[in-house]
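Colleague: Turn this into a model:
(2 chains)
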2 protein chains.
Amino acid sequence: MKKIEVLQNIMEANESIAARNQQLLDKHKAFAINIMSSPGAGKTSLILQTIAKLKDKLNIAVIEGDVASTVDAEKVRNEAVQVVQINTRNMPESCTLIAAMIDEALKDLSLEDIDLLLIENVGNLICPSEFALGEHKRVVISSLPEGDDKATKYPLIFTDADAVIINKIDFLPYVDFDIPAFRRAVKGLNPKARLFEVSCKTGVGIDDWCSWLLSEVKARSPKA
Amino acid sequence: MKKIEVLQNIMEANESIAARNQQLLDKHKAFAINIMSSPGAGKTSLILQTIAKLKDKLNIAVIEGDVASTVDAEKVRNEAVQVVQINTRNMPESCTLIAAMIDEALKDLSLEDIDLLLIENVGNLICPSEFALGEHKRVVISSLPEGDDKATKYPLIFTDADAVIINKIDFLPYVDFDIPAFRRAVKGLNPKARLFEVSCKTGVGIDDWCSWLLSEVKARSPKA
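Modeller: Model (predicted):
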């Protein structure tokens, strides 16, 4: 039972730090999204496409979460106005970002200059679902080559998502992925989730995703 | 510090249960492999291909680990001689199989009738790397659509692998994946790892993988 109690304490502490992070973001009218997916589903590519589309309208910062390496931070360095890399290796939680890591990262950002903060979580469909970071919206990416059963097999992360992005739709001719079945599985878990079909490679669907995101930023953070 | 101590205790307890699992497997001359990957990289497909190739030579059982659902167990039910499903949802560790779960599952298997036990871990490149199950060999699958940077970003799981399978090589015309660079990254972390390039869809490379696996089973478990 000892471990369960400790986990309970960690979860409660995380919730309170996440709430504090959100207050700080709200104070500066910075809107934050937590982007989660399996490894390689396209989190960094979505961030690059989103910045390309919205950088004339919003000042965008990025927090990159990875177990190890700065591969992703290097990819976005020239695109975002500010980038902070978090490496979770050797931390008690290495499989997800947690609110305390974001608390630290926010100290390295000039929040008063930021409209939109894109937080790329560690590539994992399980652990990130349990930890709030202080974000305003939660986004899950599922890509066609992973198969259409992911909502059924990893339900929690889809249940709590505000938006679900079906990425790599350019792979449709080459994979056996039933898009209507996947949509039904997500809607069954989470009727309110917004679904977007995109290809971060070809750019298809990015306009719709960015229109939604921009409207959410403007509704919540009128600085932009 | 409390959580770190608790984790330390859990890790030590896991190691001792894993050692006991391996003794039990050895007693019955059953050879076990722990198959790990991102969600959707092809663990179940590799299991199906391996059974198809080796079922005339070995009695093969499967333990399926998933957060939720019996999707994968249903896929292998008609192929393996015995199948046990573990759902990790609501367990203190939901992001990986741990040795105590395998201890329970082994009670549901007739080990005296089994030559090869294929353990499909939860889809995750982080948590499974930290928990021994009692397996004789550790296998990681990395698939082309995930990108060629996974060994750099999730090093621990590759460092401890006996074999690394590069799956979905039929996607090579459609993705930007540098196979020599990926091989170099794996070998840099783990010079002894065996690498196999396969497509579980077309069957390419399955012969090589199964030849290696069969030789490992026969060397360790002469029952087969």
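Colleague: can we go C-alpha only for contacts and neighbour counts from here?
Modeller: Fine.
Colleague: tell me which parts of chain A are close to chain B?
Modeller: Residues of chain A lying near chain B by Cα under 8 Å from any Cα of the partner chain: A:2-4, A:6, A:38-41, A:66-69, A:71, A:92, A:94-95, A:124-127, A:145-147, A:150, A:152-155.
Colleague: and if we set it to 7 Å?
Modeller: With Cα under 7 Å from any Cα of the partner chain as the criterion, chain A meets chain B at residues A:3-4, A:6, A:38-41, A:66-69, A:92, A:95, A:124, A:126-127, A:145-147, A:152-154.
Colleague: out of the residues you listed, which are buried?
Modeller: Neighbour counting by 16 or more other Cα atoms under 10 Å in any protein chain shown classes A:3, A:38-41, A:66-69, A:95, A:124, A:126-127, A:145-147, A:152-154 among the residues of chain A next to chain B as buried.
Colleague: Quick check, central residue of chain A?
Modeller: Computing the C-alpha centroid of chain A and ranking residues by Cα atoms, centre = their mean puts residue A:35 first, at 0.8 Å.
Colleague: so what does the lowest-mean-pLDDT helix or strand in chain A touch, helix or strand wise?
Modeller: Least confident helix or strand of chain A, by mean pLDDT, DSSP states H and E, is helix A:2-27 with a mean of 88. Helix A:2-27 makes packing contacts with helix A:99-106 when contacts are defined by 3 or more Cα pairs under 7 Å, 6 or more residues apart in numbering or on different chains; DSSP states H and E.
Colleague: residues making contact with the helix it packs on?
Modeller: Contacts with helix A:99-106, where a contact means Cα atoms under 7 Å, 6 or more residues apart in numbering or on different chains, come from A:14, A:17-18, A:21, A:84, A:132-134.
Colleague: Of those residues, just say which sits nearest to residue B:79.
Modeller: Proximity of the contacts of helix A:99-106 to residue B:79 (Cα to Cα) peaks at residue A:132, which lies at 41.2 Å.
Colleague: Verify the assumption that residue A:182 is located in a strand.
Modeller: No: counting by DSSP: H, G, I helix; E, B strand; the rest coil, one finds residue A:182 to be helix, located in no strand.
Colleague: Might you report the residue contacts of it?
Modeller: Here residue A:182 is in contact with A:148-149 (Cα under 7 Å, 6+ apart).
Colleague: Same question for residue A:127.
Modeller: Counting by Cα under 7 Å, 6+ apart, the residues that residue A:127 touches are A:95-96, B:95.
Colleague: Repeat the analysis, applying 6 Å as the threshold.
Modeller: When contacts are counted by Cα atoms under 6 Å, 6 or more residues apart in numbering or on different chains, residue A:127 touches residue A:96.
Colleague: quick one, phi/psi of it?
Modeller: Backbone geometry at residue A:127, expressed as degrees, to the nearest 10, gives phi -50, psi -40.
Colleague: One more: residue A:141?
Modeller: Per-residue torsions, residue A:141: phi -110, psi 130 (degrees, to the nearest 10).
Colleague: what bridges to it?
Modeller: Beta bridges link residue A:141 to residue A:37, residue A:165 when assigned by DSSP bridges.
Colleague: so where's chain A shaky on pLDDT?
Modeller: Regions of chain A meeting the criterion pLDDT under 70 cover residues A:1-4, A:222, A:224.
Colleague: which stretches of it form helices?
Modeller: A:2-27, A:43-54, A:71-76, A:99-106, A:150-153, A:155-159, A:179-189, A:206-220 (DSSP state H).
Colleague: Quick one: the ones you listed as CSV, columns for distance to residue B:59 too.
Modeller: Listed next are the helices of chain A as CSV, based on distance: least, Cα to Cα, whole Å:
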stretch, distance to residue B:59
helix A:2-27, 38
helix A:43-54, 41
helix A:71-76, 43
helix A:99-106, 48
helix A:150-153, 28
helix A:155-159, 33
helix A:179-189, 35
helix A:206-220, 50
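Colleague: burial count for residue A:23?
Modeller: Around residue A:23 there are 14 other residues, counting by other Cα atoms under 10 Å in any protein chain shown.
Colleague: Quick check: the gap between it and residue A:107.
Modeller: Relative to residue A:107, residue A:23 is positioned 14 Å away (Cα to Cα, to the nearest Å).
Colleague: and stretch A:149-164, how far out from the chain's middle?
Modeller: Counting by Cα atoms, centre = their mean, to the nearest Å, stretch A:149-164 is centred 13 Å from the centre of its parent chain.
Colleague: Can you give the contact residues for it?
Modeller: Identification of contacts with stretch A:149-164 by Cα under 6 Å, 6+ apart yields A:129, A:137-141, A:186, A:189-190, A:193-195, B:68-69.
Colleague: again with stretch A:36-46
Modeller: Stretch A:36-46 has contacts (Cα under 6 Å, 6+ apart) with A:121, A:123-125, A:140-141, A:143, A:200, B:146-147.
Colleague: Go through stretch A:157-177 and flag the buried ones.
Modeller: A:157-171, A:175, A:177.
Colleague: Stretch A:27-45 too?
Modeller: In stretch A:27-45, counting by 16+ other Cα under 10 Å, buried: A:28-45.
Colleague: Export only the CA atoms of that stretch, formatted as CSV.
Modeller: This file holds the C-alpha atoms of stretch A:27-45, laid out as CSV (Å, rounded to 0.1, in the frame of the first residue of the first chain):
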residue,chain,number,x,y,z
LYS,A,27,-1.8,36.5,-15.4
HIS,A,28,0.3,37.0,-18.5
LYS,A,29,-2.5,36.1,-20.9
ALA,A,30,-0.4,33.2,-22.3
PHE,A,31,-2.4,30.2,-23.6
ALA,A,32,-0.8,26.8,-23.2
ILE,A,33,-1.4,23.5,-24.9
ASN,A,34,-0.1,20.1,-23.8
ILE,A,35,0.7,18.0,-26.9
MET,A,36,0.9,14.3,-26.3
SER,A,37,1.4,11.2,-28.5
SER,A,38,3.3,8.0,-29.0
PRO,A,39,7.0,8.4,-30.0
GLY,A,40,7.2,9.5,-33.7
ALA,A,41,3.5,10.4,-34.2
GLY,A,42,4.4,13.9,-35.2
LYS,A,43,4.4,16.2,-32.2
THR,A,44,7.4,18.2,-33.3
SER,A,45,6.1,18.3,-36.9
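Colleague: circling back to that earlier point, could you dump the contacts of stretch A:36-46 to JSON lines with distance to residue A:115?
Modeller: Shown next, in JSON lines, are the contacts of stretch A:36-46 (distance: Cα to Cα, whole Å):
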{"residue": "A:121", "distance to residue A:115": "19"}
{"residue": "A:123", "distance to residue A:115": "25"}
{"residue": "A:124", "distance to residue A:115": "27"}
{"residue": "A:125", "distance to residue A:115": "27"}
{"residue": "A:140", "distance to residue A:115": "21"}
{"residue": "A:141", "distance to residue A:115": "22"}
{"residue": "A:143", "distance to residue A:115": "28"}
{"residue": "A:200", "distance to residue A:115": "22"}
{"residue": "B:146", "distance to residue A:115": "30"}
{"residue": "B:147", "distance to residue A:115": "30"}
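Colleague: Before I go, just wanted to say thanks for your time.
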